[in-house]
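>>> pasting the structure only:
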């Protein structure tokens, strides 16, 4: 017993001594080497051969091994704790400061947390500076060694520097670890009638455990012969992904902002489905299961709903695609003195449901708290929280409970909302000639130099960047079946528009998704236009410009 006590008491002392040791980066003093490496990577990044960067791969790996803090078991425990409270992001606790509320797409500088350890700041700065080259290296070596097991494992905790395809490969490898070997398990049979595919699928599956959902499904359509070798499963996914939006079930409703994307219906409890919350849990499981099986769905949701899945708090800028008129009133409130409204504003909101109006306080005793210039930022955040979260909180709780049972929150949250849409619905096929033929210009002409550069830039984009561009200007990657002449806006069909932005050419392009509108500054060169456009569509997923 004395020996055990002695060993346990000595352990903390050894840990304290280890924490006092100088960092490896301090002992080696390789700053000159890293500066030279950075210069070389810049040169290699400009070369056309993507394999050229592999020459310096061992040196880049050495940099990460020296500066990237070792991922400890505490990281995994932290994730486990986060899984226990997976819906905390729906709470209104994370109010944004006035500075954050005013931030728009001009603020593209990634600000590092000043409290980060020096080595972490060093490698994050390096990774962001050489993001393109780093992702090229990860693509080349990823098939040989999983990201989580190699010298770049620390990036698992900083996935914002990873491109979508690199994230997706890591995501798939983690799912495979989680699933193990599914081939030995008995597949789950789902028997459905085509005319009642939602009700029958729900009946067969809603009581099954999450482990059973992770097993292979085989589909039997009643009254039809043939065994499911994969084709019937794909068909079931397509049919059911459309049926969950059937207005007769009232589970989801079209967003009035674009009339294309969907959001949970706050009035779902009035529908024919008496177990509407159980159906939301079922739909959450179904969409996660489709991702698990790598099956694409005809599902396009609002930006705010994707954020809910990812565990990202909503911002007032997300209101633009939900309720444009209300969003404009919020912008006016933020940019003007409250007295200019001409009426008193209190911390409550009127909700109309089925012809009845109900006043809800946004905070305790809110109907007696007047909005002022000092507290209007809190008012904006709370009213958006109520409209985008509070009104559908029970539906969200049920959906996310089902989703996270199949795919853990910490794993799906490596993506941003645009990437999640592509993960669920796939890459769109974009006909640039059709888009060009259905574009309207304001203060530009089709032969304007910047417009010619713009179309040249789009033609140089790969499929992923084209998809992000479509998401940036329309709010979704969905391409109209009849072509871009039938692109939807908040007031009906609305063609893609390019407006000249006469403000500074140091601004990034901005977008107004309700009108499928791009505000494009008159950049001086093609290279600057292409760079600024790519930066906007890749990095600016936190909000839109003001209309």
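Nice, thanks for sending it over. Here the structure is a predicted model, which is why all the values come from computation and not from measurement. Residues are numbered from 1 along each chain as shown.
>>> where does pLDDT dip in the protein?
For the chain, the stretches flagged by pLDDT under 70 are 1-29, 68-85, 92-114, 142-144, 181-184, 226-229, 272-274, 354, 540-547.
>>> at 50 instead, please
Along the chain, the parts satisfying pLDDT under 50 run over 1-15, 18, 72-74, 77, 80-81, 93-110, 542-547.
>>> quick one: the strands in it, in order.
Assigned by DSSP state E, the chain shows strands spanning 188-192, 217-221, 252-254, 262-264, 348-353, 356-361, 439-442, 488-489, 492-493, 496-501, 510-512, 517-521.
>>> what is the neighbour count of the residue nearest to residue 435 when sequence neighbours are not counted?
Closest residue to residue 435 apart from its sequence neighbours, by Cβ to Cβ, 6 or more residues apart in numbering: residue 484 at 4.8 Å. The way it works is simple: take the backbone N, C-alpha and C, and place the C-beta from them, glycine included. Burial of residue 484 is recorded as 22 neighbouring residues (other Cβ atoms under 10 Å).
>>> check contacts around residue 484.
Neighbouring residues of residue 484 by Cβ atoms under 8 Å, 6 or more residues apart in numbering: 431, 434-435, 437-438, 495-496.
>>> give me the buried subset of those residues.
Among the contacts of residue 484, the ones that count as buried by 16 or more other Cβ atoms under 10 Å are 435, 438, 495-496.
>>> take these and write them to CSV, including distance to residue 49.
CSV is the format used below for the buried ones among the contacts of residue 484 (distance: Cβ to Cβ, whole Å):
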residue, distance to residue 49
435, 31
438, 37
495, 40
496, 35
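>>> among those residues, which are located in helices?
Within these, residues falling in helices by DSSP state H are residue 435.
>>> between the buried ones among the contacts of residue 484, which is nearest residue 91?
residue 496 (37.8 Å; Cβ to Cβ).
>>> please tell me how far the nearest residue to residue 419 once chain neighbours are set aside sits from residue 537.
Spatially, and ignoring its direct neighbours in sequence, residue 419 is nearest to residue 164 (4.9 Å; Cβ to Cβ, 6+ apart). As for residue 164, its distance to residue 537 is 12 Å (criterion: Cβ to Cβ, to the nearest Å).
>>> rewinding a little: and the buried ones among the contacts of residue 484, which two are the farthest apart?
So, the buried ones among the contacts of residue 484 by Cβ to Cβ: farthest apart are 435 and 495, at 9.3 Å.
>>> distance between stretch 238-255 and the chain's centre?
Computed by Cα atoms, centre = their mean, to the nearest Å, the chain-centroid distance of stretch 238-255 equals 22 Å.
>>> ok, and for it, which residues are buried?
239-241, 243-245, 249-255.
>>> can I get those residues in CSV with distance to residue 372?
Shown next, in CSV, are these (distance: Cβ to Cβ, whole Å):
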residue, distance to residue 372
239, 53
240, 50
241, 47
243, 48
244, 44
245, 42
249, 44
250, 39
251, 40
252, 37
253, 34
254, 36
255, 32
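>>> ok, so of those, who is nearest residue 340?
Residue 340 has its nearest neighbour among the buried residues of stretch 238-255 in residue 255, at 29.8 Å by Cβ to Cβ.
>>> my guess is that closest one meets residue 322, correct?
Yes: contact criterion Cβ atoms under 8 Å: residue 255 and residue 322 qualify, at 6.1 Å.
>>> which neighbours do those two have in common?
Common neighbours of residue 255 and residue 322 (Cβ under 8 Å, 6+ apart) are 263, 302.
>>> name all residues that make contact with residue 351.
Residue 351 neighbours (Cβ under 8 Å, 6+ apart): 357-360, 391.
>>> next one: the residue nearest to residue 134 when sequence neighbours are not counted from residue 464, what distance?
Excluding the flanking residues, the one nearest residue 134 by Cβ to Cβ, 6+ apart is residue 127, at 5.8 Å. Counting by Cβ to Cβ, the gap from residue 127 to residue 464 is 19 Å.
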